[in-house]
Structure formats: structure tokens, C-alpha cells
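# the following block contains a protein sequence and its predicted model.
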Amino acid sequence: MLARLGRAGEPSDRHQRLEDHVGVLAGERPHGTDERGVGAHGVVPHEGCGLVVRSALQRVHGTRVSGRSLGRDAVPPPSKSVAPGPPRTYGRRVESSNGQADAWTGRVVRGDRGSVRVVDAEGGVTTARVAVPVSDPLDAPCVGDWVVLVRTGDDVAVTDVAPRRTLLERAEPGGSSRHQPLAANVDVVAVVVGLDQMPSLEKVERLLVVAWSSGAAVHVVLTKADVAPDADDVAHDITTQLGAETIVCSARTGVGVAEVAALASTGGTLALVGSSGAGKSSLVNALVGDEVVATSAIRSDGRGRHTTVRRELVALPGGGWIVDTPGLRGVGVTDSAGLSHAFADVEELARSCRFGDCTHQVEPGCAVRGALDGGTLTLRRYESWRALQREAEWLERRTDARLAAEQNRQVRRTTREQRRFRRARGH
Ligand SMILES: Nc1nc2c(ncn2[C@@H]2O[C@H](COP(=O)(O)OP(=O)(O)OP(=O)(O)O)[C@@H](O)[C@H]2O)c(=O)[nH]1
Ligand SMILES: [Zn+2]
């Protein structure tokens with residue numbers, strides 16, 4: 001199995017590793033990154049699948065294009081085509097070493113429990129069973145992942161997931177320390193905020209932390225500008241108070257939609273996050289120019305507003321890809337890396353406090369309190385930072401405790417098995 005990126009590492013280290021893993025399976029390189037070779041990334045063939053995955057991946061990357069291609073003719077055509085068709089570079093059929101199975105690569109456009117839909121180079125979509133070990137929910141292939149598919153008879157299985165360049169994730173609802181993958185290999189995360197209500201800066205800050213934790217670039221998209229005469233003032237406040245780049249748009253009138261599309265137009269992947277009803281699905285429809293995602297307004301059963309149940313990767317007409325995520329009601333802050341980005345101003349102040357372990361409460365020489373007193377930092381932002389920081393720390397402790405408990409269970413299981421084995425052999 002391919003190594004998964006750990007989330008527990010030092011933020012900068014994690015992001016460096018994310019960068020190092022750029023484009024392992026991708027036939028096209030994400031914008032803002034260099035073309036890199038595959039072999040250097042330590043891609044390991046999946047044990048027992050009988051395929052030379054490494055050379056397959058090299059071929060996908062265009063470093064080894066010669067040789068026989070047996071997949072194409074040996075395999076029934078994929079079930080369906082997506083429109084508009086994805087770039088042909090999205091994956092390629094690859095050679096099998098045993099002549100019994102064949103394999104190819106592609107990108108997950110939709111993830112369901114236990115199965116995924118994968119688009120390949122020809123634009124075909126295949127539903128495949130997930131056959132990679134998933135001990136942590138984060139290991140499960142999710143939308144945006146580059147995967148290796150293997151066909152054996154009628155069975156198509158995902159046998160490998162490429163290391164993720166970026167990963168948008170959230171803490172599972174209900175206070176659990178488990179994390180849920182939302183979208184992988186995203187280049188830009190847009191935090192979508194509906195201007196039909198006065199946006200809560202704390203909520204936007206929370207979403208910004210989640211967005212920055214992914215390792216992708218981040219923008220705030222203020223939508224429904226058609227019902228907000230003060231849209232530009234709100235944008236100004238968000239830019240100055242939260243330090244985030246902001247786009248004002250309306251799915252209804254089309255204002256600013258091209259600007260949002262430009263975030264992904266160089267072939268990148270754009271993910272939308274935001275609370276339920278913010279206007280994400282409507283924005284996807286406006287961007288794609290089609291009713292591709294059900295919006296709240298056309299839901300007929302009247303049961304709540306959680307309309308976008310499926311997070312599908314959709315091709316944008318002007319290039320690039322977009323994925324909508326379900327409305328995040330209670331988003332858990334997943335790690336401190338995102339916090340450092342979303343509160344870069346406050347964390348920079350904290351670094352210049354006199355004491356390294358300053359709690360920014362009563363200590364002399366506290367730069368944070370100094371900024372509060374001097375009026376350059378608002379109490380609102382300071383309190384929002386403290387609250388999210390406490391939450392991230394709590395979650396990290398819970399995660400460590402859970403991982404330790406799982407490790408203990410594994411050790412006990414192995415010891416039990418060894419004992420049984422020795423007994424069976426008469427020792
Ligand atoms: N006036 C106005 N209303 C909009 C706009 N975009 C969306 N809406 C309305 O806002 C409501 C919610 O829009 P959705 O696009 O379904 O919101 P969502 O963020 O996808 O919601 P979830 O799928 O629940 O996460 C619907 O009634 C839309 O018609 C806009 O630009 N202007
Ligand atoms: Zn301090």
C-alpha cells in the first residue's frame with residue numbers, strides 16, 4: 001500500500017511533505033507546482049496484486065511511454081462517459097504482468113461507503129470496490145484521490161491510493177476525534193459565505209482554519225451579492241479583519257462567477273466549503289452552467305436543507321475541476337497548522353512575547369495583550385483565536401489517546417496470536 005501522509009506531523013513539515021508528493025499519479029500537473037518524477041516519491045507496488053505498479057505510474061507520468069499496452073483491448077469499455085470529458089491525461093491503462101488482471105489509474109470523482117467512482121483517461125467512469133486497508137477513516141479513498149484500479153474478471157477494485165498532495169478534512173461530527181476526508185488533491189479551497197445574512201466572523205474564521213489545514217490555497221467567496229447592497233463593505237471587513245482574499249459574487253446574477261472560475265482555470269481543483277444553505281451548490285451550477293448539483297430550492301420533500309449529499313468532482317468548462325462538500329454545520333478544527341495560517345497575525349504577535357510559554361493572560365512583556373491594549377488586535381479576534389486553539393489542542397490530545405489505544409489493542413492481538421502459534425507448535 002502507498003504510504004499515507006500523516007496528519008500529526010509538524011505543520012511546516014507536513015506541508016513540505018505534501019509538496020514533495022505532488023503529482024504522483026496525476027498525468028497533469030496541478031497549477032503552481034513543478035513537474036516531478038514518480039520514482040523519487042517511493043511509490044511501492046501493492047503487495048500481491050501482481051502488477052508492476054511503479055512502471056505503471058511512471059508511464060502515467062509520461063516518463064515511460066513505450067511498450068505494449070494490453071489493458072485497452074482486453075477490457076470492456078467503461079460504463080458511462082462524463083460530460084464535459086476530462087483531460088485525456090487523467091489516467092492511463094497499464095500493463096499487467098500476469099496477463100490475468102489489468103490495471104489503470106484514474107481520479108475519484110465520487111466516494112461512497114466501500115466504493116468509489118473513478119474517471120480515467122478516456123473519460124470513462126468505473127465504479128470500484130475499495131480494496132485498500134482502511135484502519136483509519138482518513139485512509140479511505142475520497143473524491144479527488146488518484147487511485148490504481150485492478151480488474152479481475154467482473155471485479156474492479158481500488159488497490160492503491162497515491163499519497164495526497166493536499167487533503168481537506170474535518171473532525172467527525174459529534175465530538176469524536178476521528179477525522180473524515182472531504183476532498184483530496186485540492187489546489188484551492190473557497191470558503192463560501194452567503195450574504196443573505198450578516199456573516200459571523202467567528203464562523204468564517206473557523207472555516208478558514210479548516211480550509212488552511214488542507215495545505216491548499218484559500219479564498220473567501222461571498223455569494224448572494226444580489227441581496228446584499230453592502231457586499232463590498234463586508235468583503236472589505238473580511239479582508240482587513242481576517243486577512244483573507246475575498247471574491248464577491250452571485251449565482252443568481254452571475255456577477256463575479258468568472259472570478260471564482262478563474263481560481264481553477266489553470267487545471268487545478270477547487271473545493272467549496274461552507275455552512276448549509278450558503279449557496280455552494282448554486283455556485284457549482286453557475287460555474288458549470290448546468291443543474292449538476294441539487295440545490296435546496298428544488299428539494300421537494302421539505303426535509304431539512306442538507307441537499308448536497310454527494311461530493312462529486314465536476315469538470316469546469318473553462319478548465320479545472322470543482323467539488324462541493326456537504327454543508328458543514330459543526331466543523332471541528334482539525335489541527336494547529338490551519339490555525340497558524342488563519343491567525344497568522346496573532347501567532348506572529350505571540351512569537352514576540354517575552355516568555356516562550358506565555359499564556360497571554362497576565363505575563364509581563366506579552367505582545368498579544370500589548371496589541372489588545374493598543375487597539376491593533378480586537379478582543380473578538382483574540383477570543384476567537386483562543387477558543388479555536390483550545391479546541392484544536394483538545395482534539396489533538398483525544399486523537400493521540402485514540403491512536404495509543406488502537407496501538408495497544410494491536411499489540412495485545414499480536415501477542416495473543418503469537419502465543420496461540422507457539423502453543424500450536426508445542427512450545
Ligand atoms: N438571492 C440568491 N439566492 C441564492 C444564491 N445562491 C443560492 N441561493 C439560494 O440559497 C439557498 C441555498 O442554496 P444552495 O446552493 O442549495 O446552498 P448550499 O450551500 O449548497 O447548501 P447545502 O447543500 O445544504 O450545503 C437556495 O434557496 C438558493 O436558491 C444567490 O446568488 N442569490
Ligand atoms: Zn503573550
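Good, I have the coordinates. Ligands and ions are numbered 1, 2, ... in the order given.

# let me see the domain layout of this structure.
The record assigns the chain these domain ranges, following automatic domain parsing: 11-161, 167-324.

# weakest of those domains by average pLDDT?
When the domains of the chain are compared by mean pLDDT, domain 11-161 comes last with a mean of 55.

# buried ones in the helix or strand that contains residue 258?
Following DSSP states H and E, one finds residue 258 within helix 257-261. Of the residues in helix 257-261, 257, 260, 261 count as buried by neighbour count, 16 or more other CB atoms under 10 Å. Using the backbone N, CA and C atoms, a C-beta is placed for each residue, glycine as well.

# now check that helix, is it near ligand 1?
No: judged by CB under 6 Å from any ligand atom, helix 257-261 and ligand 1 are separated, with a smallest distance of 9.1 Å.

# right, and the helix or strand after that helix?
Note on helix 257-261: by DSSP H and E, the next helix or strand toward the C-terminus is strand 269-273.

# adjacent strands (with direction) for that following strand?
If you go by DSSP bridges, strand 269-273 pairs up with strand 188-194 (parallel), strand 321-324 (parallel).

# just the CA trace of the helix holding residue 258, in PDB.
In PDB, the C-alpha atoms belonging to helix 257-261 read as follows (Å, rounded to 0.1, in the frame of the first residue of the first chain):
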ATOM      1  CA  VAL A 257     -18.700  33.900 -11.100                       C
ATOM      2  CA  ALA A 258     -15.900  34.200 -13.700                       C
ATOM      3  CA  GLU A 259     -13.600  35.300 -10.900                       C
ATOM      4  CA  VAL A 260     -14.400  32.200  -9.000                       C
ATOM      5  CA  ALA A 261     -13.900  30.000 -12.100                       C
END
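
# helix or strand for the residue in the chain positioned nearest to ligand 1, just tell me which one.
Proximity of the chain to ligand 1 (CB to the nearest ligand atom) peaks at residue 327, 2.8 Å away. Under the criterion DSSP H and E, no helix or strand holds residue 327.

# okay but it is in contact with residue 281, surely?
No: the criterion here is CB atoms under 8 Å, and residue 327 misses it with residue 281 at 9.2 Å.

# of the two, which one has the most company?
Between residue 327 and residue 281, counted using other CB atoms under 10 Å, the more crowded position is residue 281 (25 against 21).

# just to revisit the earlier point, and the residue of the chain closest to ligand 1, how far from residue 280?
Separation of residue 327 from residue 280 (CB to CB, to the nearest Å): 7 Å.

# residue 364 now?
Taking CB to CB as the measure, residue 364 falls 47 Å from residue 280.

# do residue 170 as well
From residue 170 across to residue 280, the span is 15 Å (CB to CB).

# between those two, which one's more packed in?
Legend: neighbour count by other CB under 10 Å for residue 170 and residue 280, higher for residue 280 (31 against 21).

# what number of residues lie near the closest residue to that one other than its chain neighbours?
Counting by CB to CB, 6 or more residues apart in numbering, residue 272 is the residue found nearest to residue 280 once chain neighbours are left out, at 4.4 Å. Here the number of neighbours of residue 272 (other CB under 10 Å) works out to 26.

# who are the neighbours in contact with residue 272?
The neighbours of residue 272, taking CB atoms under 8 Å, 6 or more residues apart in numbering as the test, are 189, 190, 192, 221, 280, 283, 284, 322, 323, 324, 325.

# doesn't residue 235 lie inside a helix?
Yes: the assignment for residue 235 by DSSP: H, G, I helix; E, B strand; the rest coil puts it in a helix.

# that one contacts residue 246, doesn't it?
Yes: between residue 235 and residue 246 there is a contact under CB under 8 Å: 4.4 Å.

# and for those two, which residues touch both?
residue 222.

# which stretches of this structure form helices?
With helices called from DSSP state H, the chain shows them at 11-20, 53-60, 71-74, 201-213, 231-242, 257-261, 280-288, 336-342, 344-351, 367-374, 379-424.

# of all those, which one is nearest residue 163?
Closest to residue 163 of these is helix 11-20 (CB to CB; 8.2 Å).

# ligand 1 contacts on the stretch 51-200 of the chain?
Counting by CB under 6 Å from any ligand atom, no residue of the stretch 51-200 of the chain is near ligand 1.

# can you map out the strands along the stretch 51-200 of the chain?
Using DSSP state E, counting those that start in this stretch, the strands of the stretch 51-200 of the chain run over 80-81, 93-94, 102-112, 115-119, 124-130, 146-152, 155-161, 167-171, 179-184, 188-194.

# please identify the most buried of those.
Most buried of these by mean neighbour count (mean count of other CB atoms under 10 Å) is strand 188-194; its value is a mean of 27.

# got the angle for that strand vs helix 280-288?
Using axes from the mean of the first three to the mean of the last three CA atoms, to 10 degrees, the inter-axis angle of strand 188-194 relative to helix 280-288 is 120 degrees.

# quick one, strand 188-194 and helix 201-213 angle?
Going by the same axes, to 10 degrees, strand 188-194 makes 160 degrees with helix 201-213.

# give me the contact list for strand 188-194.
168, 199, 204, 207-208, 211-212, 214, 216-224, 244, 247, 260, 263-264, 268-275, 277-280, 283.

# thought residue 248 was touching residue 222?
Yes: using CB under 8 Å, residue 248 makes contact with residue 222 at a distance of 4.9 Å.

# overlap of the contact sets of the two?
Residues touching both residue 248 and residue 222 (CB under 8 Å, 6+ apart): 231, 235.

# more neighbours, those two?
Neighbours per residue, other CB under 10 Å: of residue 248 and residue 222, the larger number sits with residue 222, 26 against 20.

# from what I see, the more buried one and residue 233 are in contact.
No: using CB under 8 Å, residue 222 makes no contact with residue 233, being 10.7 Å away.

# phi, psi of residue 377?
Main-chain dihedrals, residue 377, degrees, to the nearest 10: phi -120, psi 130.

# residues near residue 215, how many?
26.

# how about it: what's its closest non-neighbour residue?
Once flanking residues are discounted, residue 215 sits nearest to residue 166: 3.9 Å by CB to CB, 6+ apart.

# how about the contacts made by that neighbour?
Residues near residue 166 by CB under 8 Å, 6+ apart: 18, 184, 185, 186, 187, 214, 215, 216.

# which one (most neighbours) among these?
That'd be residue 185 among those, by other CB under 10 Å, with 34 neighbours.

# residues touching that one, list them.
Residue 185 makes contact with 26, 30, 107, 144, 145, 146, 164, 165, 166, 167, 269 under the criterion CB under 8 Å, 6+ apart.

# up against ligand 2, what does this protein have?
For the chain, the residues in contact with ligand 2 (CB under 5 Å from the ion) are 353, 358, 360, 366, 368.
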